[in-house]
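Asks: got a predicted model here, sequence first, then my questions.
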There are 4 protein chains.
Amino acid sequence: MPTRDREATRARLLEAARLRFAREGYDATSVRDIARDAGVDATLIFRYFGSKKRLFDEAAADIPDNLLDGPEEELVARMLGSVVFRDWARYGGEHPLVAMLRSSAHEDARRRIREEVCTTYVRALEDLVEGEDAALRAELLSAWLVGIGILRGVVATPALAEAEPADLAPYVESVASALLGRPMSGIPQP
Amino acid sequence: MPTRDREATRARLLEAARLRFAREGYDATSVRDIARDAGVDATLIFRYFGSKKRLFDEAAADIPDNLLDGPEEELVARMLGSVVFRDWARYGGEHPLVAMLRSSAHEDARRRIREEVCTTYVRALEDLVEGEDAALRAELLSAWLVGIGILRGVVATPALAEAEPADLAPYVESVASALLGRPMSGIPQP
Amino acid sequence: MPTRDREATRARLLEAARLRFAREGYDATSVRDIARDAGVDATLIFRYFGSKKRLFDEAAADIPDNLLDGPEEELVARMLGSVVFRDWARYGGEHPLVAMLRSSAHEDARRRIREEVCTTYVRALEDLVEGEDAALRAELLSAWLVGIGILRGVVATPALAEAEPADLAPYVESVASALLGRPMSGIPQP
Amino acid sequence: MPTRDREATRARLLEAARLRFAREGYDATSVRDIARDAGVDATLIFRYFGSKKRLFDEAAADIPDNLLDGPEEELVARMLGSVVFRDWARYGGEHPLVAMLRSSAHEDARRRIREEVCTTYVRALEDLVEGEDAALRAELLSAWLVGIGILRGVVATPALAEAEPADLAPYVESVASALLGRPMSGIPQP
DNA sequence: TATGAATGAGGCTTCATTCAT
DNA sequence: CATGAATGAAGCCTCATTCAT
């Protein structure tokens, strides 16, 4: 399938990179691994992306998520759904944010994570907080979501690993409401 | 006295390994880095530990923590103190659990993390839960602690990065109490 | 008009090649460097010249010089002017012969240098020699000119690097006259 | 012959490096070439020298020459003997200075050449000059010696390639005397 | 025809590890 | 026993060149 198609090859490399970087982390992933997965020559990585690092940057750049669509009181529930219940097969089964922690020895990866956490989670939650300490509360709730993602995806603690959305709903409701200072729903309406 | 030296060298290697593995992750750490930090020849790593991997295992084995000393209602506050406020300089400034996530591409590291999370956190919390779903509640609370550790240590979100124990106390109190189903203190007594 | 473009592109490639090969030497110059300088696709080098090597050969082929125009007794002065004082910007600032020494690991370059030295310098000087040993004397004088080019252009020894034609004139006169066995002028008439 | 002897291996690498760098130039020489010539693993180059560049520096560092021993009036003759008639087999048959011109695209190599030319040749000759323009005269004479080395070694012009010391003696005498402004001998006494 | 995607060899360098001494 | 010389695989990346389109 040596399609002589720039965009297709680029896309396959990106796809393979996302998966490898997520699963193994930046250091344990070799450009040859990625190229082999994508079925193309490793040289093309340098042709199209310039360096392993820039490939990583681009692979980490877009995390597809549209959490803002839907009722405000279900935002946390949607976030949890994204972190925990959505199928992130493209990223090795874990939410990309969680997977990217594996590369967090590199300042660039850290920055990317910070950016994503702050824009997609903290800021969105901050707007919902009633009362003072909005930033801290939003971060504490974000931390919980990230923590749940990790315990379920990386650590695989038994109860969380098998939990269904409905099992978590009541706790989401109470913790989110407590931290944000306003009633939140624990599960999105269908 | 040769035994003494041997033990001392082993200990120095372990110490250096802990720091490097924590800061850079398993893959980005080379045995020469560790040996140089310890001031000894790299070959000794193989003499004493057999391989880089077994050195990692041993370095990750003991995380010194004695969370069970103290009143029950302050357990969560102590845990948070350990994860967030204690000085883990030996592990590069982050709680070893958090640091070890950097190596979580390796199943061994994952297992070690799981072990530590389950024994030290989940199980201890589980015993305190009033009501059903003890395991899940304990894991959800553990997840929060881990998440806070990450957002503060790795991601460095602004509010958490600067928070003092007293700032977090009220939230710890309300969330821990809600999840465990019993009143918990947000800050340890001096 | 396609022929025009083809010729223009060929010429641009040759020009870029001359400069790069002179400045960096054959090995340190990549065909992509040349193509980029010429503003064309690297493939055209292979289309037009067959290989990097053949491009080099062609680029090295013509060194524009017309030393024979002018009075005989000023020949050495003209030669020195060409080697030392002429502006060889097209060749990176050094006389092409001097620049080509950088590629003298390759027998082809050596042959080209030999050819040029013998035809343009040695033979022309040989015809002027009065007395025996004509060839050796001509070569010794050629060697001096080449050496001056190198010390000024490549090595940049302080006095030669700043010398003006008039500074060198008396020495040129005496050395050239001594080696050729006949009076030579040290500086060309305007 | 895998002598497990640091100094011996280092020396063999240096020796092989000298020859390769001289013959092929810096860019055309690969560390694997050198290692193969030396009969050792290429890794040892990095163990002992740190990088290809530092190996080059060290290989270029010492050019064994003791031109100052002997009568002053024979200095130029000794220099010519060194440049032209001595057996530089270790450097591929050419005087190291001449060979190093092959790497003169690299500023470091240039600097090294300048250093050697200035200290070993120009400065020594400068001290002998009677009259003004000492520096320029010394450089002009050095240029001649370098040029002769090139025409004989690299370009291989016919007369010079076959010349014996005695053939050159009269010309050395007259040119050196003219440039230095004092009587010089054209050939060293046995 | 000419653009540029693709290739395979090889560049320097660092890795974990072994084996003499 | 311990030092460190040696190794071979693999790391990222660039090269000259070919071959579809």
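Replies: Looks like it arrived, so ask away. Residues are numbered from 1 along each chain as shown, chains lettered A, B, ... in the order given.

Asks: show the contacting residues for A:Ala134.
Replies: Taking CB atoms under 8 Å, 6 or more residues apart in numbering or on different chains, we find A:Ala134 in contact with A:Glu126. Backbone N, C-alpha and C define where each C-beta goes, glycine included.

Asks: per-residue pLDDT, it?
Replies: Model confidence at A:Ala134, given as pLDDT, is 97.

Asks: do the same with the one 4 residues further on
Replies: According to the per-residue confidence, A:Ala138 scores 98 in pLDDT.

Asks: element containing it?
Replies: Element membership for A:Ala138, per DSSP states H and E: helix A:134-150.

Asks: show me what secondary structure element comes after that helix.
Replies: Toward the C-terminus from helix A:134-150 - assigned by DSSP H and E - lies helix A:158-162.

Asks: buried stuff in the helix or strand containing A:Leu179?
Replies: In this structure, A:Leu179 sits in helix A:165-180 according to DSSP H and E. For helix A:165-180, burial by neighbour count (16 or more other CB atoms under 10 Å in any protein chain shown) applies to A:Leu168, A:Ala169, A:Tyr171, A:Val172, A:Glu173, A:Ser174, A:Val175, A:Ala176, A:Ser177, A:Ala178, A:Leu179, A:Leu180.

Asks: phi, psi of the nearest residue to A:Arg110 once chain neighbours are set aside?
Replies: Of all residues not flanking A:Arg110 in the chain, A:Ser104 sits nearest, at 5.3 Å (CB to CB, 6 or more residues apart in numbering or on different chains). The phi and psi values for A:Ser104, taken as degrees, to the nearest 10, are phi -80, psi 10.

Asks: go ahead and confirm A:Ser104 touches A:Arg114.
Replies: No - in this structure A:Ser104 lies outside contact range of A:Arg114 using CB atoms under 8 Å: 10.0 Å.

Asks: okay, those two: which has more neighbours?
Replies: A:Ser104 (24 against 17; other CB atoms under 10 Å in any protein chain shown).

Asks: could you list the low-pLDDT ranges of chain A?
Replies: Low-confidence segments of chain A, defined by pLDDT under 70: A:1-3.

Asks: just the helices in it please.
Replies: For chain A, helices defined by DSSP state H occupy the ranges A:6-24, A:31-38, A:43-49, A:52-61, A:75-80, A:96-100, A:107-116, A:123-126, A:134-150, A:158-162, A:165-180.

Asks: of those helices, which is nearest D:Gly39?
Replies: helix A:31-38 (30.1 Å; CB to CB).

Asks: how many neighbours does A:Arg4 have?
Replies: That count, for A:Arg4 with other CB under 10 Å as the rule, works out to 6.

Asks: typo on my end, it should be A:Thr29
Replies: 25.

Asks: for it, give its distance to B:Asp27.
Replies: According to CB to CB, to the nearest Å, A:Thr29 and B:Asp27 sit 9 Å apart.

Asks: A:Arg23 too?
Replies: 13 Å.

Asks: can I get the CA coordinates of stretch A:6-18 in PDB?
Replies: Taking Å, rounded to 0.1, in the frame of the first residue of the first chain, the C-alpha atoms of stretch A:6-18 are listed here in PDB:
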ATOM      1  CA  ARG A   6       1.800  13.100   1.000                       C
ATOM      2  CA  GLU A   7      -1.200  13.800   3.200                       C
ATOM      3  CA  ALA A   8      -2.100  10.200   3.700                       C
ATOM      4  CA  THR A   9       1.500   9.300   4.700                       C
ATOM      5  CA  ARG A  10       1.700  12.200   7.000                       C
ATOM      6  CA  ALA A  11      -1.600  11.200   8.600                       C
ATOM      7  CA  ARG A  12      -0.500   7.600   9.000                       C
ATOM      8  CA  LEU A  13       2.700   8.700  10.700                       C
ATOM      9  CA  LEU A  14       0.800  11.000  13.000                       C
ATOM     10  CA  GLU A  15      -1.600   8.300  13.900                       C
ATOM     11  CA  ALA A  16       1.200   5.800  14.600                       C
ATOM     12  CA  ALA A  17       3.100   8.400  16.600                       C
ATOM     13  CA  ARG A  18       0.100   9.100  18.800                       C
END
